[in-house]
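**Q** mind folding the following:
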Amino acid sequence: MATEENVLATFEQFNVEGRDYVTLNDACNGLAQWLASAWDRLEEGDAQILVAVGATLWREGYSQR
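**A** Just a heads-up that it's a prediction; the model follows:
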């Protein structure tokens, strides 16, 4: 089972390897597409966390426009 530290290390590794480059808009749109397809299978708490992530991506992308 992955830990929070494992996941953060994966985020960091993607960044170091240059595999993290997508625009904030693309990240937000991709998350929205996936979330819409998975919505009915998510627990309420999981959906809330993912919506908060999406809202943060949207806010940060919007501030760069």
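
**Q** for this protein, what spans make up the strands?
**A** Assigned by DSSP state E, the chain shows no strands.

**Q** in it, where's the longest helix?
**A** Using DSSP state H, we find that the single longest helix of the chain is helix 44-63.

**Q** need the contact partners of it.
**A** 23-25, 27-28, 31-32, 35, 39, 42 (CB atoms under 8 Å, 6 or more residues apart in numbering). Every residue, glycine included, has its C-beta placed from N, CA and C.

**Q** how about a cut-off of 6 Å?
**A** If you take CB atoms under 6 Å, 6 or more residues apart in numbering as the criterion, helix 44-63 is touched by 24-25, 27-28, 31, 35.

**Q** same question for stretch 3-19.
**A** Contacts with stretch 3-19, where a contact means CB under 6 Å, 6+ apart, come from residue 20.

**Q** chain center to it: distance?
**A** Chain-centre distance of stretch 3-19: 13 Å, with CA atoms, centre = their mean, to the nearest Å.

**Q** repeat for stretch 39-55
**A** For stretch 39-55 - counting by CA atoms, centre = their mean - the centre lies 11 Å from the chain centre.

**Q** which parts of that stretch are buried?
**A** 50, 54 (16 or more other CB atoms under 10 Å).

**Q** CA atoms of that stretch as CSV?
**A** C-alpha atoms of stretch 39-55 as CSV (Å, rounded to 0.1, in the frame of the first residue of the first chain):
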residue,chain,number,x,y,z
TRP,A,39,-18.0,9.8,-9.8
ASP,A,40,-20.5,7.1,-9.0
ARG,A,41,-17.7,4.8,-7.7
LEU,A,42,-16.1,7.3,-5.3
GLU,A,43,-16.7,7.5,-1.6
GLU,A,44,-18.0,11.0,-0.5
GLY,A,45,-14.7,11.9,1.2
ASP,A,46,-12.6,10.8,-1.8
ALA,A,47,-14.8,12.9,-4.1
GLN,A,48,-14.5,15.9,-1.8
ILE,A,49,-10.7,15.7,-1.8
LEU,A,50,-10.5,15.4,-5.6
VAL,A,51,-12.9,18.3,-6.1
ALA,A,52,-10.7,20.4,-3.8
VAL,A,53,-7.7,19.4,-5.9
GLY,A,54,-9.6,20.4,-9.0
ALA,A,55,-10.7,23.7,-7.6
